[in-house]
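# please work out how this folds:
(2 chains)
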Amino acid sequence: MNLQNKSLSAKIGKASIYLIIIFLGLVTLLPLLNIVAISMSSSGAVTANAVGIVPVNFTLEPYRMLIDDPQFWRSFGISVQRVFLSLALNMILIVFMAYPLSKRKSEFKGRSIYMNFLIFAMLFNGGMIPTYLVVRNLGLLNTIWSLVLPSAVPVFSVILMMNFFRGVPKALEEAAIIDGAKPMQVLLKVYLPISVPSLATVALFSIVGSWNDFFSGLIYMTRESNYPLMTYIQSLTVDIQQMIQQGVNSTNLSELMGVSNRNLNAAKIVVSSIPLILIYPLLQKYFITGIVVGSVKE
Amino acid sequence: MQQRKRTASKRITNINLTYHFMILPGIIFLLIFNYAPMFGLIMAFQDYVPAKGVFSSDFVGFQHFSYMFSLPSIGRVFTNTIVIAGGKIIFNTLLAIVFAILLNEVRVRWLKKSVQTIVYLPNFLSWVVLASVVVNIFSLDGSVNQILESFGIGPFNFLGSNQLFRPLIIGTDVWKSFGFNSIVYLAAITSIDPGLHEAASIDGANWWRRVWHVTLPGMLPIILLLAILNLPNILNGGFDQIYNLYSPVVYQSGDIIDTYVYRVGLMGRDYSFGTAVGLFKSIIGLVLILSANQAAKKYTERQLF
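From the prediction side, this is the model:
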């Protein structure tokens, strides 16, 4: 093979790598753009399935209708409330469990018992039905607490935080103790300030998890007015999907339903994703460190 | 001297006491919401009546388990779960590795950053949201069928066909997660000593050979570790995704253990039977995860817990 051929084939190789990467990027992006385009198109265009990645007969009517939808905003409010309650509870429990567990066995008698207790909770669970019955017997059905309390201790995050605390230099703690600091002060004044990246990681795990969860709402809320946002959206789309799956095409579907509200549903989906898109830069930054630093111990 | 020792040991006891108090609230939550349901698993061996509760319902031994194994549908549910979960693990791993290797070759910084930003995004979106996206493009007159028809193929009823439903589930899951899964592999690639690549180039190795003889061997430990740790997921077909995309037409190919327990046990209020199926799954899952941890410890000198 002469030199020219070699550089030509290298160029083709390089170009195909770029093409594949761009292709994968587009394949991921276009379906997401599709739903945004649908949310800004007229019902007629959506019904005729004429919408690709650009809105057809551009309109903001679906968003105007959305503003007047009381259940959407009630569910939105429930989800926001739930995210803050879960976040507060999760962070307190994560930090106060992770700190003692990050001590050596010689420093904290009973550590291994607690540790095994925690790990077993991660490996094995009672499953859907017994958990549902516990929540029901506690009288939590149809309350916001049914969405918050069952996931109060995210075991995975506790272990992640514990591993991080273990990496904190001992000298810092010893210096504080010589100055007369109590464990609580050591935790709050020495450990927490230098743990901000890890705290951010587990906080984001908590936020994304509770915002996206629709299942708790589905089983613990019996009234639609109590649904968190994802459960509410899920309840809207499921009937239409079943009709589509049974082979009804969209034109017949809208005749069946009177008027197409697919653009309205799309608008709901877009608005429900906005909070996550807003924190996405943070997610990209901290999730990646969280994953690469890893929960896996050497 | 004696005095000082005593105060020191008293201080350690006090510190220990504080530690116990710190950890207590979390332990209480675990007891109520993790351990109490485990106790509730007793109902798998009972004819559970909600009014009587776990304490006074009648015991029936392994009746629910033998009933479970006598059902023809249960084999189908386990097969669906394993095929779907297995497919997801294999294709997610493969595409994530390929993507990481290719992305590492991209030298145009803005392009690399943009593509990363795009492909990590779906991982953070709920399946409730993504299911709508999937339904829109895969419906009978959706974009995918429009494109296929322009080539003279189809249309296909992806969401309503027992031949196409599993590939659709696996494919859309890979679409959601491959980008995010590639992060770990990308980190593994960048930690490979560049000197190895230089040496291989000097020896005349082309790109393919360098990937094969330098990059992949360098990634092997992390690939092996993740493969082992993914093993227990073989029983997790992905409730959120399937629940939002399936319908009675595709139960035959798409019903998994979790959706089955939800429908029959929780919705059908057959609590004892549903719990028995769930318990069976949990026990196999526990065995798998303990074996995976042992294997990881043995072959990669790392472990999950």
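# who's the closest spatial neighbour of the residue of the stretch 101-250 of chain B found nearest chain A, skipping the chain neighbours?
Residue nearest to chain A within the stretch 101-250 of chain B: residue B:126 (3.6 Å; CB to the nearest CB). Every residue, glycine included, has its C-beta placed from N, CA and C. Leaving aside its sequence neighbours, residue B:126 sits nearest to residue A:212 (CB to CB, 6 or more residues apart in numbering or on different chains; 3.6 Å).
# and the pLDDT for the one you found?
Here, the pLDDT recorded for residue A:212 equals 96.
# re the thing from before, burial count for the residue of the stretch 101-250 of chain B closest to chain A?
A count of nearby residues for residue B:126, using other CB atoms under 10 Å in any protein chain shown, gives 22.
# roughly how far apart are the residue sitting nearest the centre point of chain A and chain B?
With distances taken as CA atoms, centre = their mean, residue A:208 lies nearest the centre of chain A, 2.4 Å away. Per CB to the nearest CB, to the nearest Å, residue A:208 is found 6 Å from chain B.
# which non-adjacent residue is nearest the residue of chain B found nearest chain A?
Proximity of chain B to chain A (CB to the nearest CB) peaks at residue B:37, 2.6 Å away. Using CB to CB, 6+ apart and skipping residues adjacent in sequence, the residue nearest residue B:37 is residue A:126, 2.6 Å away.
# over to residue B:16?
Among residues not flanking residue B:16 along the chain, residue A:109 sits closest, at 5.7 Å (CB to CB, 6+ apart).
# now do residue B:279
Nearest to residue B:279 is residue B:44, by CB to CB, 6+ apart, at 4.8 Å.
# you'd agree that neighbour is up against residue B:272?
Yes - Residue B:44 is within contact range of residue B:272, at 6.3 Å (criterion: CB atoms under 8 Å).
# so the two - more neighbours on which side?
Shown here are residue B:44 and residue B:272; by other CB under 10 Å, residue B:44 has more neighbours (27 against 21).
# poorly predicted segments of the chain, please.
Unless you meant another one, I'm taking chain A. A:1-6, A:238-260, A:289-298 (pLDDT under 70).
# sorry, should have said chain B
For chain B (pLDDT under 70), the answer is B:1-6, B:302, B:304-305.
# tell me the contacts of the most centrally placed residue in it?
Centroid-nearest residue in chain B: residue B:233, 4.9 Å away (criterion: CA atoms, centre = their mean). Residues in contact with residue B:233, defined by CB atoms under 8 Å, 6 or more residues apart in numbering or on different chains, are B:85, B:88-89.
# so is it in a helix, a strand, or just coil?
helix (DSSP: H, G, I helix; E, B strand; the rest coil).
# how about residue B:205?
Residue B:205 ends up coil, using three-state DSSP.
# got a list of what it touches?
Counting by CB under 8 Å, 6+ apart, residue B:205 has contacts B:213-214.
# quick check: closest non-adjacent residue to residue B:214.
residue B:196 (4.9 Å).
# was I right about that neighbour contacting residue B:218?
Yes - in this structure, residue B:196 is within contact of residue B:218 by CB under 8 Å, at 7.4 Å.
# domain ranges for chain B?
Per the record, chain B has its domains at B:2-59, B:70-300, by automatic domain parsing.
# and the ones you listed: which comes nearest residue A:45?
The minimum distance between residue A:45 and the domains of chain B falls on domain B:70-300, with 13.1 Å, by CB to CB.
# neighbours of residue 224, how many?
Unless you meant another one, I'm taking chain A. Using other CB under 10 Å, residue A:224 has 13 neighbouring residues.
# I was after chain B.
Using other CB under 10 Å, residue B:224 is surrounded by 15 other residues.
# can you check the one 3 residues further on too?
Residue B:227 has 16 neighbouring residues, counting by other CB under 10 Å.
# swap in residue B:82?
With other CB under 10 Å as criterion, residue B:82 counts 15.
# residue A:13 and residue B:299, how far apart?
Remark: distance between residue A:13 and residue B:299 (CB to CB, to the nearest Å) = 34 Å.
# can you name the residue of the stretch 1-150 of chain A nearest to chain B?
residue A:126 (2.6 Å).
# now do the SS call for that residue.
Under three-state DSSP, residue A:126 comes out as coil.
# phi, psi of it?
Main-chain dihedrals, residue A:126, degrees, to the nearest 10: phi -70, psi -20.
# if I look at it, how far off is residue A:96?
From residue A:126 over to residue A:96 the distance is 24 Å, taken as CB to CB.
# could you tell me how many residues sit around residue 128?
Defaulting to chain A. Using other CB under 10 Å, the number of residues around residue A:128 comes to 21.
# nope, chain B
Neighbours of residue B:128 using other CB under 10 Å come to 28.
# for the chain, what's the longest helix?
I'll assume chain A. Scanning chain A for the longest helix, with DSSP state H as the assignment, gives helix A:3-39.
# try again with chain B
Identified as the longest helix of chain B according to DSSP H is helix B:72-105.
# where do the helices sit along the stretch 201-305 of chain B?
B:207-210, B:216-230, B:239-245, B:251-254, B:257-260, B:271-300 (DSSP state H, counting those that start in this stretch).
# what comes up buried for the last one?
Taking 16 or more other CB atoms under 10 Å in any protein chain shown as the basis for neighbour counts, the residues of helix B:271-300 that come out buried are B:271-282, B:285, B:289, B:292-293, B:295-296, B:300.
# give me the neighbour count for the residue lying closest to residue B:76 once chain neighbours are set aside.
Nearest residue to residue B:76, sequence neighbours excluded (CB to CB, 6+ apart): residue B:252, at 6.7 Å. For residue B:252, the neighbour count with other CB under 10 Å is 12.
# element containing the closest residue to residue A:262 other than its chain neighbours?
Nearest residue to residue A:262, sequence neighbours excluded (CB to CB, 6+ apart): residue A:46, at 4.9 Å. Secondary structure from DSSP states H and E places residue A:46 in helix A:43-47.
# thanks again, I'm all set now.
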